[in-house]
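Student: here you go, sequence then predicted model.
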There are 6 protein chains.
Amino acid sequence: MRFDEAYSGNVFIKSHPNYEESEAVIYGMPMDWTVSYRPGSRFGPARIREVSIGLEEYSAYLDRELDEVKYYDAGDIPLPFGNPQRSIDMIEEYIDQLLADGKYPLGMGGEHLVSWPVMKAMYKKYPDLAIIHMDAHTDLRDEYEGEPLSHSTPIKKIADLIGPKNVYSFGIRSGMKEEFQWAKEVGMHISKFDVLEPLKEVLPTLAGRPVYVTIDIDVLDPAHAPGTGTVDAGGITSKELLASIHEIAKSDIRVVGSDLVEVAPIYDNSEQTANTASKILREMILGWVQKKG
Amino acid sequence: MRFDEAYSGNVFIKSHPNYEESEAVIYGMPMDWTVSYRPGSRFGPARIREVSIGLEEYSAYLDRELDEVKYYDAGDIPLPFGNPQRSIDMIEEYIDQLLADGKYPLGMGGEHLVSWPVMKAMYKKYPDLAIIHMDAHTDLRDEYEGEPLSHSTPIKKIADLIGPKNVYSFGIRSGMKEEFQWAKEVGMHISKFDVLEPLKEVLPTLAGRPVYVTIDIDVLDPAHAPGTGTVDAGGITSKELLASIHEIAKSDIRVVGSDLVEVAPIYDNSEQTANTASKILREMILGWVQKKG
Amino acid sequence: MRFDEAYSGNVFIKSHPNYEESEAVIYGMPMDWTVSYRPGSRFGPARIREVSIGLEEYSAYLDRELDEVKYYDAGDIPLPFGNPQRSIDMIEEYIDQLLADGKYPLGMGGEHLVSWPVMKAMYKKYPDLAIIHMDAHTDLRDEYEGEPLSHSTPIKKIADLIGPKNVYSFGIRSGMKEEFQWAKEVGMHISKFDVLEPLKEVLPTLAGRPVYVTIDIDVLDPAHAPGTGTVDAGGITSKELLASIHEIAKSDIRVVGSDLVEVAPIYDNSEQTANTASKILREMILGWVQKKG
Amino acid sequence: MRFDEAYSGNVFIKSHPNYEESEAVIYGMPMDWTVSYRPGSRFGPARIREVSIGLEEYSAYLDRELDEVKYYDAGDIPLPFGNPQRSIDMIEEYIDQLLADGKYPLGMGGEHLVSWPVMKAMYKKYPDLAIIHMDAHTDLRDEYEGEPLSHSTPIKKIADLIGPKNVYSFGIRSGMKEEFQWAKEVGMHISKFDVLEPLKEVLPTLAGRPVYVTIDIDVLDPAHAPGTGTVDAGGITSKELLASIHEIAKSDIRVVGSDLVEVAPIYDNSEQTANTASKILREMILGWVQKKG
Amino acid sequence: MRFDEAYSGNVFIKSHPNYEESEAVIYGMPMDWTVSYRPGSRFGPARIREVSIGLEEYSAYLDRELDEVKYYDAGDIPLPFGNPQRSIDMIEEYIDQLLADGKYPLGMGGEHLVSWPVMKAMYKKYPDLAIIHMDAHTDLRDEYEGEPLSHSTPIKKIADLIGPKNVYSFGIRSGMKEEFQWAKEVGMHISKFDVLEPLKEVLPTLAGRPVYVTIDIDVLDPAHAPGTGTVDAGGITSKELLASIHEIAKSDIRVVGSDLVEVAPIYDNSEQTANTASKILREMILGWVQKKG
Amino acid sequence: MRFDEAYSGNVFIKSHPNYEESEAVIYGMPMDWTVSYRPGSRFGPARIREVSIGLEEYSAYLDRELDEVKYYDAGDIPLPFGNPQRSIDMIEEYIDQLLADGKYPLGMGGEHLVSWPVMKAMYKKYPDLAIIHMDAHTDLRDEYEGEPLSHSTPIKKIADLIGPKNVYSFGIRSGMKEEFQWAKEVGMHISKFDVLEPLKEVLPTLAGRPVYVTIDIDVLDPAHAPGTGTVDAGGITSKELLASIHEIAKSDIRVVGSDLVEVAPIYDNSEQTANTASKILREMILGWVQKKG
């Protein structure tokens, strides 16, 4: 029993107690105010941490243990309710600092719009950045019913910033006709429906490049991730998603940061979605963090 | 079987098909983007309509039937996701039009901030307006973590506009110390914990005045309304809330509009909250709409 | 360990293994095919039995234990899905047999229509039968959208058979205007909203008479019984219902049979409704069964 | 803002406002009174409409948008609770009228028995009708515990009417031994367990023929459709079901009508089943409606 | 943004970061392995902390704010799964240390057996200790089906240790006949069904004495606390429980420690039980902690 | 109607009424007190029985009907809450008796630790026993946080007893590094991630040997079995599990007993897990019981 140091409460399992010594930083972005359908992903990070206690510390896939990587759980960024612009600015500033400190950013959403300021900050540090995007949705809208800050727009924003040819989307099964057409016209990669097989073809072409990977949990079929805002039938299995993470782990790309977004616990009483998310984070930590070198 | 006219779908039970001929208009304000705790009230209006099919058309309390009042269900106002300011402006403009057309506004939230533009519009038409407010929370903040547009602020805004002595709050059991102090200093009425008995004392003092009544469903104990964003123990029963509505119905005040907000269906699998809300709306229609005269 | 006699499975706690020796018989009537709103009460009896394992065998209210009464759980009557007429006929025949064998019938619904054939059978045996009916709804319709066999009709049917002056309804808060008017015209007793106080006035007038008591679980407020088809705010507490049962227990009426209907487990994940129902059944057993004498 | 025309409420997304101009008509058949296990599919159509708001209007599979087809949502047929025979008669009459008006019928159940009167009406118009049936269950019973009108019988009824060789079942994994034997003896096609591969073999043999397609949502594995009455492990994925719909779309058969039945929302808090159903309906609309020619 | 100190994660709202400076210590006892009905209270402490973020920091009942009391959240005691004896020993040792350090122990269960070692440790420090016990159940068994360590025994154990006349139970509505008889014979106070009124009579007789208060959340009616292992109809309201806490706060007894046990989140999707528990803890902190003097 | 023999209540569908005449015995082991994450599997057996009413009696996979096998449902073993050692002893004694009577034991958990005493008893009868183990987890720990009796240890215990080369694990995707290493060192078979294909290779090597098969429902992906204590993404489908059962059925091994454990109904409102479990049990009965030879 130790009463003499602060109880570190609900953190991701096996988090390192010291920021300076850590290679990676886990942080939550509890924002869901621009979603057009079902909100609730603001509670994703807290629930993922809570259920991580049920996680095995060893990966039978990668033959590594969490003790082999130092990561620090920095808690949630205190985003202002209902103010997308200020939230985005806070996130960008936060990531700037993390990158200045040489940390690998490992984010938990929140809605997908939170990935936009993260990717923007990454691009400032890595001018040759590429994006790997796994999602059910294109997220290529310019605006949603008049709002330029929407969970339907982050991939369009980053594609506009770094060039659409540097963005690779996988597993996409929903979007507007115009979004698919735009991607085609500007030469942005979109693999419809599947992730693993097309990823195997793309990865060699990115060898050596710094890559940020953003995963919307709804790339999984609703059977595997019912706890998300916009469920969309016809998705991939958790087996395929895990295999895709491992494929990246053994590739020659440099993963310089990643996130997992859109876990909304209230829609999943079984909590399988949060449990699956915590397992995905473990595989990201064990497979990707030390690929920066 | 009639195929020759548009299926009027999911409307509040017994709604009149014609706007012009109606005395009252029901409308939804599906906004929940500034809530500080649990979102989901955007789906309140739709679910209240859906379950209203299970509602008896006759009130055994008031001995009146829904056929005796003409009300039109105008659907939900298409509020822009994640933009509080634009949402508020749209609601105000909407109510301005309703009032210009001589309609009794009967709103369904959505978070409580939606009541602010409604009350503002009411005040333009009724300069001697008073507000009756039933809620677990004071909602008297100036801002919430820096945001002036928050579900914790609507009563403060209307009190600032029409004068705090014209605002009467009942059932309050939560708030910041500063909110209670401010109310005390400026002479705003706050009845803590209870509604019915203090209401009986206040109503005679408002005789003849135009009154807007705004009810946050969380004035009910969580036992009676689990399906809301911020559940708070120690509330009133649905019996007391119904009796309070009937007390107003038989008083000498002029009810010129009303709303019921913060029903968030996802937190209540039994759907008792939405069912209770639909019964409350029925009693508002039967007890209040024709008290304008 | 005993393998040598049939496992008696999911029966109501402390049921006696022998039909002949039992004073009372518990049986389920798993029918919900005429309900106009939410079905599911067919699973009520099974779930009530299942949760009865969590029930204390002693009543601190009546200072009696379940061992003091012999009751046999006969399982569910195998009613034909979707055939109301045949279901009703089967129930009537079943009760005829129970009464011929001198048993106290203790039924579990199922929708309220199942009480009609039970009461009909009771009347054949007890020509001076009175009915005590606790419910949120009048159930006095002649038909529902053209169907004479509906869960909205059982009290009308029995009132027509035994005379409306022999039927006493309590706790009623919903119905059509015509139903309340009819009751008034023919002199049938309806106590609106409350049960305990009006019951205290009625009971002495029924002294010595054989009475069948039918309780629709929705007489309880939805807070106390969310797991039912038609939830209706403004009901009584479980405390008041228990007190009403005890009031009957100590009165001078002869309770000759009773039922508890409309428990629909799917609408109540907490299973408080089924647990409450099992406690009500225990109090019926301990308070009413031996009042036949 | 338009107050001057009736709010069209909860209709399937992008429904056309005019019956006459529409090619297809969507209608609900909210009946669940003959089911032998878990009821609740009466609320399927309303919930599918409600969640259709979350649906993308464009199909990335078929490269078509909902604007390209005119369909009218006619609401639910007001079926009489608890009366299977009258319900069936009403449905048949309803479809007769739709067909007389030249509309493509697109039905939503409700239990599977509702498909029987639809198919019967189709056969009157198309004497060379064939049926494609996707389901976990044979539905080939003559009666269920004595009831000839049961959700276990519709395929037997239509097979008896149009000849079993004109009925093709896919994905079947449950039924009585006698049902499978009967099918074998009379030469009715049953593909056990799978849908897509056997469908590819059957479709060419039906080229040019008018075909009605009836899909029981439980053909999906419970993982993909937990919200149904009778869940049965070992089913197909939503990916396979979508691919099967597309296979039919590109075949040479003439789809003259279709339905999707047995969505029971209460068993699925995540609402993935209703969301999946709405996507299936979108693909039916985009892939099948204009194949009548 | 501060990365330089450990993220303090999921702690009870406004917890003080320093153990030494704190007057009270909050700790969880996540044990549920001896419960005879529904387990799950091991997750009570974590969920209570998680939802405490939605709590107002000011009590409108006591006119005090959480800033006025220093309390430290020490996290959960890491109890060994499935080993009641070792768990109990660990808890006792833990409390011994807290008391040696002069802290007010504020515990969260877990099942009610966890209160036994706490009370035992309290008695070692306070030989004139009295117990106030609010619960639906007597908890006076000697053993449960042969097991002396059971959630049905803690009050018997403490009564045996400190003398039954020093134990006062309130709100009791369930137990074995023998338990009530034993209490009567040995002169232990049991108030059946109610809490507030009998408490008002008892409190003056305890003036000046050190008192430990143990509250089983199931003293509340299931309507107010569905999220618990053994729901039992006929309980008190959350209003009455809050008033009872305040009655103790203004009495002359010295509250030297307290706990709240048996919150089991999985049985309450609305999370009203955990939210109510967090409010009760706030009132305990504001009303009781500084009454030690 | 038969009142003259005990209602056999909630038994697994089509159970034989007589122990002596039965070939197999179904029994529940309602224990969950050593689980390290989410408890609740104590209610697995009761719920599996309850939902078995929805099961078809014929297997379209094996072309057999339940009538072809005589099995007796002996109910649940009354295990003492919170006492792992005594529970284990009771189970072992129970199985000894079953085996002495020549019965095939078909157990339902409960947590996986219950399989340990069963396997121990089997080994006493069958000295050349082999174990087939399907699970997400290795369950090869020596102890869990100091407790040698834990749901993480049963496979280690049996491997120590019968020799690790006689234990074959399939579908494993979680465990400690040390567990996998130990298995490798001692030559115990572990197939990671998959079941069907490696099983096909192993079965011929076990031809003629007596084999006990223990299945943890979490070998299924959470999509297929959300209702279990420790959900773990990346599992097999219910289709693969059914195929694996059938593969064993047609192999040359002698299945001498089997169990299915870890169904925890509370985490699955759809009840798909319990329904799937009841189907798996049916296939075990039809495919394995008479392979004793």
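Tutor: Alright, I've got the coordinates.
Student: OK, contacts around A:Gly54?
Tutor: The neighbours of A:Gly54, taking C-beta atoms under 8 Å, 6 or more residues apart in numbering or on different chains as the test, are A:Asn275, A:Ser278, F:Ser36, F:Tyr37, F:Arg38, F:Thr230. For glycine as for every other residue, the C-beta is placed from the backbone atoms N, C-alpha and C.
Student: can you rerun that using 10 Å?
Tutor: A:13, A:271, A:274-275, A:278-279, F:36-38, F:174, F:229-232 (C-beta atoms under 10 Å, 6 or more residues apart in numbering or on different chains).
Student: and if you look at A:Val231?
Tutor: Residues counted as contacts of A:Val231 (C-beta under 10 Å, 6+ apart) are A:37-38, A:136, A:218, A:220-223, A:225, A:264, A:267, D:51, D:54, D:270-276, D:279.
Student: phi, psi for it please.
Tutor: Torsion angles at A:Val231 (phi, psi; degrees, to the nearest 10) stand at phi -80, psi 140.
Student: for it, which non-adjacent residue is closest in space?
Tutor: Closest residue in space to A:Val231, ignoring its immediate chain neighbours: A:Pro222 at 3.9 Å, by C-beta to C-beta, 6 or more residues apart in numbering or on different chains.
Student: then stretch A:78-88 to PDB, C-alphas only?
Tutor: Taking C-alpha atoms only, stretch A:78-88 is exported to PDB below (Å, rounded to 0.1, in the frame of the first residue of the first chain):
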ATOM      1  CA  PRO A  78      -9.800  19.600 -22.100                       C
ATOM      2  CA  LEU A  79     -11.700  20.600 -25.300                       C
ATOM      3  CA  PRO A  80     -14.300  23.300 -25.000                       C
ATOM      4  CA  PHE A  81     -17.800  21.900 -25.500                       C
ATOM      5  CA  GLY A  82     -19.500  23.000 -28.600                       C
ATOM      6  CA  ASN A  83     -16.700  25.100 -30.100                       C
ATOM      7  CA  PRO A  84     -15.000  23.200 -33.000                       C
ATOM      8  CA  GLN A  85     -12.600  25.900 -34.000                       C
ATOM      9  CA  ARG A  86     -11.100  26.400 -30.600                       C
ATOM     10  CA  SER A  87     -11.000  22.700 -30.100                       C
ATOM     11  CA  ILE A  88      -9.000  22.200 -33.200                       C
END
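Student: near chain B, which residues of chain A show up?
Tutor: Those residues of chain A that sit near chain B, judged by C-beta under 10 Å from any C-beta of the partner chain, are A:31-43, A:78-87, A:111, A:113, A:143-147, A:149-152, A:264, A:266-267, A:269.
Student: now the strands for the stretch 1-150 of chain A?
Tutor: Per DSSP state E, counting those that start in this stretch, the stretch 1-150 of chain A carries strands over the ranges A:24-29, A:58-59, A:64-65, A:71-76, A:104-109, A:130-134.
Student: okay, the ones you listed in JSON lines with mean pLDDT, distance to B:Gln181 and mean neighbour count next?
Tutor: Output for those, formatted as JSON lines (pLDDT from 0 to 100; distance: least, C-beta to C-beta, whole Å; neighbours: other C-beta atoms under 10 Å in any protein chain shown):
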{"stretch": "strand A:24-29", "mean pLDDT": "96", "distance to B:Gln181": "34", "mean neighbour count": "26"}
{"stretch": "strand A:58-59", "mean pLDDT": "98", "distance to B:Gln181": "55", "mean neighbour count": "24"}
{"stretch": "strand A:64-65", "mean pLDDT": "97", "distance to B:Gln181": "55", "mean neighbour count": "18"}
{"stretch": "strand A:71-76", "mean pLDDT": "93", "distance to B:Gln181": "31", "mean neighbour count": "24"}
{"stretch": "strand A:104-109", "mean pLDDT": "97", "distance to B:Gln181": "39", "mean neighbour count": "25"}
{"stretch": "strand A:130-134", "mean pLDDT": "98", "distance to B:Gln181": "51", "mean neighbour count": "25"}
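Student: show me where pLDDT drops low in the stretch 1-150 of chain A?
Tutor: For the stretch 1-150 of chain A, applying pLDDT under 70 flags the ranges A:1-9.
Student: okay, now the closest residue to chain D within it: neighbour count?
Tutor: The minimum distance from the stretch 1-150 of chain A to chain D, using C-beta to the nearest C-beta, falls at A:Tyr37 (4.2 Å). Per other C-beta atoms under 10 Å in any protein chain shown, the neighbour tally for A:Tyr37 reads 17.
Student: repeat that for the one 4 residues further on.
Tutor: The criterion is other C-beta under 10 Å. On that basis, A:Ser41 has 31 neighbouring residues.
Student: so it sits against A:Val35, correct?
Tutor: Yes. The criterion here is C-beta atoms under 10 Å, and A:Ser41 meets it with A:Val35 at 7.2 Å.
Student: shared neighbours, the two?
Tutor: Shared contacts of A:Ser41 and A:Val35, defined by C-beta under 10 Å, 6+ apart, are found at A:Gly110, A:Glu111, A:His112, A:His151, A:Gly229, A:Glu262, A:Ala264, B:Pro39.
Student: and the two most separated of the residues you listed?
Tutor: Based on C-beta to C-beta, the longest span within the shared contacts of A:Ser41 and A:Val35 runs between A:His112 and B:Pro39 and measures 16.1 Å.
Student: grab the nearest non-local neighbour of A:Thr273.
Tutor: A:Gly227 is the one closest to A:Thr273 (C-beta to C-beta, 6+ apart), at 3.2 Å.
Student: count the residues that sit near that neighbour.
Tutor: For A:Gly227, using other C-beta under 10 Å, the count is 32.
Student: how about the one 5 residues further on?
Tutor: The local packing of A:Asp232 (other C-beta under 10 Å) involves 24 other residues.
Student: how about the contacts made by it?
Tutor: A:Asp232 makes contact with A:135-137, A:173-174, A:218-222, D:54-56, D:238, D:272, D:275-276, D:279, according to C-beta under 10 Å, 6+ apart.
Student: one more pass at 7 Å, please.
Tutor: A:Ala136, A:Arg173, A:Ser174, A:Asp218, A:Pro222, D:Lys279 (C-beta atoms under 7 Å, 6 or more residues apart in numbering or on different chains).
Student: counting neighbours, which of those comes out on top?
Tutor: A:Pro222 (33 neighbours).
Student: hang on, that one packs against D:Gln272?
Tutor: Yes. With contact defined as C-beta atoms under 7 Å, A:Pro222 reaches D:Gln272; the gap is 3.7 Å.
Student: show me the helices in the stretch 51-200 of chain A, by range?
Tutor: Per DSSP state H, counting those that start in this stretch, the stretch 51-200 of chain A carries helices over the ranges A:84-100, A:115-125, A:154-162, A:177-186, A:196-202.
Student: list the contacts of the residue nearest to the spatial centre of chain A.
Tutor: Nearest to the geometric centre of chain A sits A:Asp259, at 2.1 Å (C-alpha atoms, centre = their mean). For A:Asp259, the contacting residues are A:Gly107, A:Met108, A:Gly109, A:Ser115, A:Val118, A:Thr214, by C-beta under 7 Å, 6+ apart.
Student: ok, for the last one, nearest residue in space, not its chain neighbours?
Tutor: It refers to A:Thr214. A:Ser115 (4.6 Å).
Student: returning to that earlier point: quick one, what contacts the residue of the stretch 1-150 of chain A closest to chain D?
Tutor: Applying C-beta under 7 Å, 6+ apart, we find A:Tyr37 in contact with A:Gly229, A:Thr230, D:Gly54.
Student: touching chain E at all, stretch A:95-113?
Tutor: Yes. Stretch A:95-113 reaches chain E (C-beta under 7 Å from any C-beta of the partner chain) through A:Gln97.
Student: kindly check the end-to-end length of that stretch for me.
Tutor: 15 Å (C-alpha to C-alpha, to the nearest Å).
Student: so does that stretch get close to chain D?
Tutor: No. Residues of stretch A:95-113 are not located near chain D by C-beta under 7 Å from any C-beta, the shortest gap being 14.2 Å.
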